[in-house]
Structure formats: structure tokens, C-alpha cells
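Asks: Following is a predicted model, sequence given first.
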Amino acid sequence: MIGGRLSTTAILAASLLAGGCAATKADPGHATAQRTLADVMPESDSTILDRVNDPWEGWNRRVYDFNARFDRYLFIPVVEGYKRVVPAPARTSVSNFMRNIREILNVGNALLQFRLRTAARSTGRFAVNSTVGFAGLLDPATEMGLFYQKEDFGQTLGVWGLGPGPYMVLPLLGPSSTRDAAGLAVDWYAWQQLNLFGYVEWSEDQFLNWPTLLYAVDTRANIAFRYYELGNVYEYLWVRQLYLELREFQIKR
């Protein structure tokens with residue numbers, strides 16, 4: 001979960017590609033676009049770009065390319081092996097368990113945002129899935145109408161009026177912003193201190209911290225996005241825009 005650096009990798013890997021859509025394969029070796037959308041758009045049509053604060057775009061593009069290579073040559077082969085070896089029902093149970101144990105952060109952030117209905121729903125999900133759902137391996141709460149809603153401290157800061165700040169692409173973690181990176185650090189620290197059911201301490205004592213590695217791999221296995229397979233030279237700009245719009249939606253919903 002968030003109980004380690006690789007767990008945070010998986011968390012933002014999910015946000016990284018939350019706007020991911022079905023891909024059309026491009027030449028696997030094609031390079032990152034050097035021009036931006038502003039180079040080919042009339043000035044009157046560039047209002048969307050005007051809203052993006054990306055002062056470190058050159059560096060961000062290099063990190064994006066590094067992340068793409070890591071994903072293609074290391075992470076995805078591991079994920080594909082995981083999907084071949086572990087049956088689908090077992091993978092679903094892993095995903096359910098990881099989501100359930102993270103509910104504590106959802107509840108805390110929902111309360112900080114004064115979203116009491118969301119906090120109550122997440123509390124209900126945790127109670128139902130931790131008992132009837134056999135420690136979260138099953139997800140009867142969703143069948144009862146208690147749907148999952150992820151909340152994080154970056155969203156909490158946004159609800160209280162803090163803007164995203166400059167856009168960032170973090171190594172391994174993917175798209176972020178100064179606000180969301182700070183929020184991620186707070187969530188990680190809170191998770192370490194809470195040590196729910198002793199999970200953090202237990203997982204860190206395991207060989208190669210395999211629970212955290214499993215969380216990262218399982219999270220990536222549930223994301224359809226593949227780098228440089230959108231069939232568009234402006235992929236970096238699309239991912240950036242989709243990420244920022246997703247975060248804006250999550251804050252305003």
C-alpha cells in the first residue's frame with residue numbers, strides 16, 4: 001500500500017494513467033515530440049494551453065520518457081507474467097484487499113474536506129468488507145451500493161482552495177503537481193504512523209517487502225494505458241491535460 005516507496009509508485013501510476021484509453025499501436029521506437037500543440041494551433045484556439053502551468057516542461061518530458069522506458073522494459077513484463085501466473089479471481093481478491101485497507105485514508109481525507117457522506121460511505125465499506133468480505137478479499141459493499149471513492153490529501157488541499165501549482169512528472173510516479181506531490185508525502189507519512197492492523201510493520205519485514213511489490217504490480221495490471229501507444233505525437237500533452245482535468249473533477253465532485 002502506501003507503506004513504502006514502491007507503494008507510492010503504484011498509487012501515482014494509477015493517477016498517471018487515469019485518463020488512459022484504448023491504445024492504437026505506434027512504432028515502438030518513436031521518440032517524444034519536440035514541438036508543442038501551441039506550435040500548430042492558432043492563438044485564438046489555445047485557451048486550454050493557457051491554463052497549464054508547466055515551467056519545467058523540458059525536464060518533465062525527459063522524466064516522462066524515462067518512465068516510459070521503465071514501464072515498457074521492466075514493469076509491463078512483470079505485470080504480464082503476474083497476469084499469466086495468477087488466476088483472475090485471485091487478482092481480484094488482491095485488488096479488493098488493497099483497496100479495503102486504504103479506506104482509512106479515504107475516510108480521513110473525506111472528513112478533512114467535510115464530505116461527511118463520503119466519509120460515512122467509506123467507513124461503511126471498510127466495516128462491511130473487513131467482516132462479511134473476509135478481511136477485504138471480497139467486496140460485498142459495492143453490491144450494497146457503497147461504491148469506492150478514493151480520496152487523498154492533494155484533493156483535500158484543492159478542496160480548501162490551494163491551486164495545483166506547477167505541473168510535474170515524478171520519476172516512476174508519473175504525472176503530478178507541486179500540490180499533489182506534497183499531498184502524496186502527507187498520505188505516506190500518515191499511513192506509516194497509522195500502521196493499520198500492523199500492516200506497514202509486517203509488510204516491511206517480509207522478503208523484499210513483497211506485499212508492497214504485489215500492490216504495485218496489481219495496480220499497474222488494472223490500468224490499460226501503455227506509453228507511446230496512443231498513436232499521437234502529442235501524447236505528453238494529452239496525458240498532462242487529462243491528469244489536470246481529472247484532478248479538477250475529483251476536487252469539485
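Replies: All right, it came through fine. This one's a predicted model, so the numbers in the text were calculated from it and none came from an experiment.
Asks: what ranges do the helices span in the protein?
Replies: 5-16, 47-50, 57-70, 76-85, 88-112, 116-131, 140-143, 153-159, 178-194, 199-204, 210-221, 235-252 (DSSP state H).
Asks: dump the residue contacts of the residue nearest to Asp187 when sequence neighbours are not counted.
Replies: The spatial neighbour of Asp187 that comes closest, neighbours along the chain excluded (CB to CB, 6 or more residues apart in numbering), is Phe153 at 5.0 Å. To be clear about C-beta, it is placed using only N, CA and C from the backbone, and glycine gets the same treatment. When the contact criterion is CB atoms under 8 Å, 6 or more residues apart in numbering, the partners of Phe153 are 109, 112, 182-184, 186-187, 190.
Asks: didn't Ser177 look like it was pressed against Leu162?
Replies: No: using CB atoms under 8 Å, Ser177 and Leu162 do not qualify as a contacting pair, with a distance of 10.2 Å.
Asks: Show me which of those two is the more surrounded one.
Replies: Each of Ser177 and Leu162 has its neighbours counted (other CB atoms under 10 Å); Ser177 has more, 22 against 15.
Asks: for the residue nearest to the more buried one when sequence neighbours are not counted, what are its contacts?
Replies: Spatial nearest neighbour of Ser177, excluding adjacent residues (CB to CB, 6+ apart): Pro164 at 3.9 Å. With contact taken as CB under 8 Å, 6+ apart, Pro164 is in contact with 53, 158, 177-180, 244, 247.
Asks: Now the buried members of the residues you listed.
Replies: Buried members of these, counted by 16 or more other CB atoms under 10 Å: 158, 177-180, 244, 247.
Asks: mind putting these in CSV, distance to Phe147 and pLDDT included?
Replies: CSV is the format used below for those (distance: CB to CB, whole Å; pLDDT from 0 to 100):
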residue, distance to Phe147, pLDDT
Gly158, 21, 97
Ser177, 26, 98
Thr178, 30, 98
Arg179, 26, 98
Asp180, 23, 98
Leu244, 24, 96
Arg247, 20, 96
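Asks: out of these, which one sits closest to Tyr82?
Replies: Taking CB to CB as the measure, Asp180 is the one of those closest to Tyr82, at 27.3 Å.
Asks: From what I see, that closest one and Gly154 are in contact.
Replies: Yes: between Asp180 and Gly154 a contact is recorded at 3.7 Å, counting by CB under 8 Å.
Asks: which residues do the two both contact?
Replies: What both Asp180 and Gly154 touch, as defined by CB under 8 Å, 6+ apart, is the set Arg247.
Asks: which residues touch Asn129?
Replies: 96, 100, 103, 136, 138-141.
Asks: now it: how far from Thr178?
Replies: Noted for Asn129: a distance of 34 Å to Thr178, by CB to CB, to the nearest Å.
Asks: With Glu103 instead?
Replies: For Glu103, the distance to Thr178 (CB to CB) stands at 27 Å.
Asks: which of the residues in stretch 187-201 are buried?
Replies: Applying a neighbour-count criterion of 16+ other CB under 10 Å, the buried positions in stretch 187-201 are 187-188, 191, 200.
Asks: Mean confidence (pLDDT) on that stretch, please.
Replies: Confidence over stretch 187-201, taken as the mean pLDDT, stands at 88.
Asks: Now find how far off-centre that stretch is within its chain.
Replies: Stretch 187-201 sits 19 Å away from the centroid of its parent chain (CA atoms, centre = their mean, to the nearest Å).
Asks: Before I go, just wanted to say thanks for your time.
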